[in-house]
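Asks: 3D model of this:
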Amino acid sequence: MSKKKILILVLCLCGAILFFVLDPESAIFIKCPFYSLTGYSCPGCGAQRAIHDLLHLDIAGAFRHNALLVSSIPLIAVVMILERRKSSYTRLYTRFNSPLFLFILIALLFAWWILRNVFQI
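Replies: Residues are numbered from 1 along each chain as shown. Presented below is the predicted three-dimensional model:
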């Protein structure tokens, strides 16, 4: 394993420990600047609390804080696997790296952004 990968792994582990131990409502965590300025939630609002909940195995709580983040975890896992094994899954890898797939992801992101503010999700 390269030094870069080990460093990334150590940083992720430290971040996970930090999110596990500390409450995201504490002053150490950054508050959302978009929410602070506008009073509206951005697509990432609640992500810190959702990560904290996931690390404590509270899936329902994580989903309440940021459903998009929790719902995207399986997709992120698939993309990471495809990235490592692209030669084995060429057709699937090509579809996940297409402009259409990127457009769909961006459309979902904006839909989530609008819906969570309209319906106070």
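Asks: what residue lies at the spatial centre of this structure?
Replies: Leu69 (4.1 Å; CA atoms, centre = their mean).
Asks: so that one: helix, strand or coil?
Replies: Under DSSP: H, G, I helix; E, B strand; the rest coil, Leu69 falls in the helix class.
Asks: for Pro24, see how far away Gln120 is.
Replies: 20 Å (CB to CB, to the nearest Å). Every residue, glycine included, has its C-beta placed from N, CA and C.
Asks: check Gly44 too.
Replies: Distance from Gly44 to Pro24, by CB to CB: 12 Å.
Asks: try Ser98
Replies: Distance, Ser98 to Pro24, using CB to CB: 35 Å.
Asks: got phi/psi on Asn97?
Replies: Dihedral angles phi and psi of Asn97 (degrees, to the nearest 10) take the values phi -110, psi 20.
Asks: and Gln120 and Pro24? which has more neighbours close in?
Replies: Per other CB atoms under 10 Å, whichever of Gln120 and Pro24 has more neighbours is Pro24, with 19 against 7.
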